[in-house]
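Trainee: mind looking at a prediction? Sequence and model below.
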Amino acid sequence: MIKFLQQPAYLPAQTGPEADARYKSLRWQVFIGAFIGYAGFYLVRKNLSLAIPFMEPLGFHKAELGFVLGVNAAAYALSKFLMGSVSDRSNARVFLPLGLILSALAMAFMIVPIHYIGSDNKALAILVMGILNALVGWFNGMGWPPCGRVMTHWFSVSERGTMMSIWNCAHNVGGGLVGLMATYGAIWFGSWFFGAHTELYFMIGTFAFPAAVAILIAILAFMLLRDTPQSCGLQSIEAWKNDYPKNYSEKHEERLSTKDIFFKYVLNNKFLWFIALANAFVYMVRYGCLDWAPTLLTEKGIDIKSMGWAYSLYEFAAIPGTIICGWLSDKVFNGRRALPTMIFMALVAVFVVLYWVFIDNITVVMICLIGIGFFIYGPVMLIGVQALDLAPKNASGTAAGLTGFFGYFFGTFLLANWCLGWVAQSFGWNITFGMLLAACFLAILFMGFTYKEEQYLVKKK
């Protein structure tokens, strides 16, 4: 392990009122650091999807841009899995800001292939664009694992669903803000760089402005984050809260080897594989709707401001939906994640059908995007929480990485970006919506296989 990434040593645990007050204070400090840090990653994540409608007049086409968009998801999928293992053995305080700064720099340089290489040298432009977007995806994979790590170390199993649901809204805040940044960044700063060439303003709002803000957020996250309670001279969260999950062992507090993480606690867990498959189809719906909404709305005659707001409302609608879903999983379903995930995915399917049927009615389409955003992110969050529940804390990054790999490589790269992009261009939007509806039902099916495993939580309650 590189020295500056090494985990800080555990200090002798303090107890008593003073330690309790310090524990409570640090928990909120770490939570805020994880929240704003992860929101920062979404300022420099899927920005290309916002740029696609404005790149077609410059000579770039949906199919090839869909592939470039998908490369980001493929790199993110691999990174989230592999870097999740690195994260399990790294200092989260350093690991997360490093990934965010590198993501921001790669995103800012996306202007180079679009403008300075251009469609006159399309093969080279697409190659450079693909490499940069892959780097964005790879460095973004350094965001979720350290956040999952600190959340499992600072919050116990009985409160994790609620706290993770609130934290998970970070990506909706970041994802929602990037739509507005793309719109207003182009208006505010586009003329500084491109003068009267208004057709190029989108690059400043979409790539450069969010990247600059993300770097500032990385610095703030470093100031707030801490790795584990034990590294701050405090007890483990289970001991402090007297709240122990199923099959808990003191060995779970020890630093595990890469071999044990992969082969003892992750790859041989069949329930992790079930939720990983479910995650692939949840992500197909999530990004199938989100990534292609700007293109679809632009084709229907929506202007740049309305398109930016539609993209943002999809994300912002997720905030109350995610919190409600997490609260329900803790308080109503006693810590079970499968059943609320299945219910929310069924409601997503309803809005997908309405979106499909009323595709020419812009008002209904906007309402459906808000509805899908409200319900889809609860399952996205709960699958991540379920992965954390099913593995020891020191293997949490790898467990979440496995489900993330399926979500981003199969669900996003292959299905949502590449496959749906090709289907939309070749066969139109009807077949595309049929595939999204099928994905909803497959997600429900695979989550159903984990339902019985979680029934011990009801008996425990």
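Mentor: Perfect, I can see it now. Numbering: from 1, shown residues only.

Trainee: use CA for all of it now, contacts and neighbours both
Mentor: Fine.

Trainee: could you list the low-confidence segments of the stretch 201-350 of the chain?
Mentor: Judged by pLDDT under 70, the stretch 201-350 of the chain has its weakly predicted residues at 243-268, 294, 301-308, 311.

Trainee: now do the helices in it.
Mentor: For the stretch 201-350 of the chain, applying DSSP state H, counting those that start in this stretch gives helices covering 202-203, 209-224, 237-241, 258-259, 270-299, 304-316, 318-327, 338-357.

Trainee: between the ones you listed, which one is closest to residue 26.
Mentor: Between residue 26 and those, the shortest gap by CA to CA is with helix 209-224, which sits at 8.9 Å.

Trainee: could you dump the helices of the stretch 201-350 of the chain into JSON lines with mean neighbour count and distance to residue 19 added?
Mentor: Rendered in JSON lines, the data for these read as follows (neighbours: other CA atoms under 10 Å; distance: least, CA to CA, whole Å):
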{"stretch": "helix 202-203", "mean neighbour count": "26", "distance to residue 19": "49"}
{"stretch": "helix 209-224", "mean neighbour count": "21", "distance to residue 19": "18"}
{"stretch": "helix 237-241", "mean neighbour count": "15", "distance to residue 19": "10"}
{"stretch": "helix 258-259", "mean neighbour count": "12", "distance to residue 19": "33"}
{"stretch": "helix 270-299", "mean neighbour count": "23", "distance to residue 19": "36"}
{"stretch": "helix 304-316", "mean neighbour count": "22", "distance to residue 19": "37"}
{"stretch": "helix 318-327", "mean neighbour count": "24", "distance to residue 19": "28"}
{"stretch": "helix 338-357", "mean neighbour count": "20", "distance to residue 19": "36"}
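
Trainee: the ones you listed: which one's closest to residue 3?
Mentor: Residue 3 lies closest to helix 209-224 among those, at 16.7 Å (CA to CA).

Trainee: on that earlier part again, residue 378: which of the helices of the stretch 201-350 of the chain is closest?
Mentor: helix 318-327 (4.3 Å).

Trainee: hey, C-alpha coordinates of the closest one in CSV?
Mentor: Taking Å, rounded to 0.1, in the frame of the first residue of the first chain, the C-alpha atoms of helix 318-327 are listed here in CSV:
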residue,chain,number,x,y,z
ALA,A,318,-35.0,11.2,-5.5
ILE,A,319,-34.1,13.0,-2.3
PRO,A,320,-37.5,12.5,-0.5
GLY,A,321,-38.0,9.1,-2.2
THR,A,322,-34.7,7.8,-1.0
ILE,A,323,-35.1,9.0,2.6
ILE,A,324,-38.6,7.5,2.8
CYS,A,325,-37.4,4.2,1.4
GLY,A,326,-34.6,4.0,3.8
TRP,A,327,-36.8,5.0,6.8
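
Trainee: so how far is stretch 105-122 from its chain's centroid?
Mentor: 25 Å (CA atoms, centre = their mean, to the nearest Å).

Trainee: among the helices of the stretch 201-350 of the chain, which is nearest residue 451?
Mentor: Comparing the helices of the stretch 201-350 of the chain against residue 451 with CA to CA, the closest turns out to be helix 338-357 (5.6 Å).

Trainee: which neighbouring elements make contact with that closest one?
Mentor: Using 3 or more CA pairs under 8 Å, 6 or more residues apart in numbering; DSSP states H and E, the elements in contact with helix 338-357 are helix 362-389, helix 429-448.

Trainee: mean pLDDT lowest for which of these?
Mentor: The weakest mean pLDDT among the helices and strands packed on helix 338-357 belongs to helix 362-389, with a mean of 85.

Trainee: mean confidence for the helix or strand just after that one?
Mentor: Scanning forward in sequence from helix 362-389 by DSSP states H and E, the next helix or strand is helix 396-405. Helix 396-405 shows a mean pLDDT of 74 in the predicted model.

Trainee: residues contacting stretch 378-386, please?
Mentor: Defining contact as CA atoms under 8 Å, 6 or more residues apart in numbering, one finds that stretch 378-386 is touched by 160-161, 164-165, 168, 275, 279, 282-283, 318, 321-326, 337, 340-342, 344-345, 400, 403-404.
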